[in-house]
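*Asks:* Quick one, fold the following:
(one chain, ligands or ions: 1)
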Amino acid sequence: MKTIRKPATMTQAMVALRHAGASVGLAPTLGRLHEGHLSLIKKARRDNDTVVVSIFVNPLQFKAKAYKAYPRDLEADIKLLNSAGVDFLFAPGPEQMYPEGFDSRVEVIDLAGKLEGKSIRWHYRGVTTVVAKLFNIIRPDRAYFGRKDAHQLALIRKMVADLNFPVKIIAGPTIRARDGLAHSSRNTLLTPEERMAAAAIPKALLAIEPKARGGGDRTALTRELVTMLTAEPLIKVDFAAVVDAETLDPSVMGGNTLIHVAVFIGGKRLTDNRLVVSHGVDGSKPASR
Ligand code: AMP
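*Replies:* Sure, this is the predicted structure:
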């Protein structure tokens, strides 16, 4: 695997490959890789001649304290990427992505404000800005994102459609630990006690799922979800909602449903969701993920 730090070098390498007719798949990450990332990389490996993984802890999408605290382990990541058969690692520093005088942002307006987006609009602006940059630097044919971050996935699909990025967005299912907790780099920051408490998140989502499939009242289901989560004393619910999966709007009925939660455990913010499929997603049979 070749590691590249400079955007211009990355673009050069990709232009040469594409000139030779190779297809390129990109999996953007913040690093501290786990099974969730690896499942996206595996998908990318199957679909493309060349696989690029980016590791960049993006300062535009974090507050200063969370940016500093974000777990990093580039050495371990490189080992994992090598054994996953990745061809290129793009690992720029903030000074390469945002040189002195950087002054542009990419923003999806209305959709970013859905769910808890009103209070973290700046976060999603950071995400769409960095993903737009990665698409322009790497110019992938396909880019892989997890359903674990459902709001982010919806925003990237919208940005790609609205701004005509010539890339196909491919979504991967949420990969979970044995007790159901979604893998996340942030899980490494939990104490053993907090890690045990975190298992209440997938449990609560699972309990609500059949009721959401049955078309239960969304406000009542959200209340029930919050009650279940707060029964675990270490969990502080930041946001919970049952919404239409595409528009992220609770009042839109008839499509697939998304049950979404964001909680704090010991000051660490964890998010999870379940997609209740009634109409098939990407040609899949109705099921839940
Ligand atoms: P991150 O490094 O957390 O920004 O994640 C990079 C990509 O991996 C994003 O597209 C995430 O949605 C995806 N991802 C993170 N956790 C999981 C998971 N448990 N299962 C599947 N995909 C995931």
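
*Asks:* contacts and neighbour counts: CA atoms only from here.
*Replies:* Fine.

*Asks:* got the buried residues for the longest helix along the chain?
*Replies:* When the chain is parsed with DSSP state H, its longest helix is helix 121-138. Buried residues in helix 121-138, counted by 16 or more other CA atoms under 10 Å: 121-135, 137-138.

*Asks:* how far does stretch 169-179 stretch from start to finish?
*Replies:* One end of stretch 169-179 sits 29 Å from the other (CA to CA, to the nearest Å).

*Asks:* near the ligand, anything from that stretch?
*Replies:* Yes: for stretch 169-179, a contact with the ligand is found by CA under 6 Å from any ligand atom, at Gly172, Pro173, Thr174, Ile175, Arg176.

*Asks:* What strands flank the helix or strand where Gly25 lies, and is each parallel or antiparallel?
*Replies:* Using DSSP states H and E, Gly25 sits in strand 24-29. Sheet partners assigned to strand 24-29 using DSSP bridges are listed as strand 50-55 (parallel), strand 142-146 (parallel).

*Asks:* where do the strands sit along the stretch 151-289 of the chain?
*Replies:* Assigned by DSSP state E, counting those that start in this stretch, the stretch 151-289 of the chain shows strands spanning 168-172, 235-244, 257-265, 268-276.

*Asks:* And stretch 234-247, what's buried?
*Replies:* Buried residues in stretch 234-247 (16+ other CA under 10 Å): Leu234, Ile235, Lys236, Val237, Ala240, Ala241, Val242, Val243, Asp244, Ala245, Thr247.

*Asks:* ok now it, how far from the chain's centre?
*Replies:* 15 Å (CA atoms, centre = their mean, to the nearest Å).

*Asks:* Specify which member of the buried residues of stretch 234-247 is nearest to Gly36.
*Replies:* Among those, Ala245 lies closest to Gly36 (CA to CA), at 20.7 Å.
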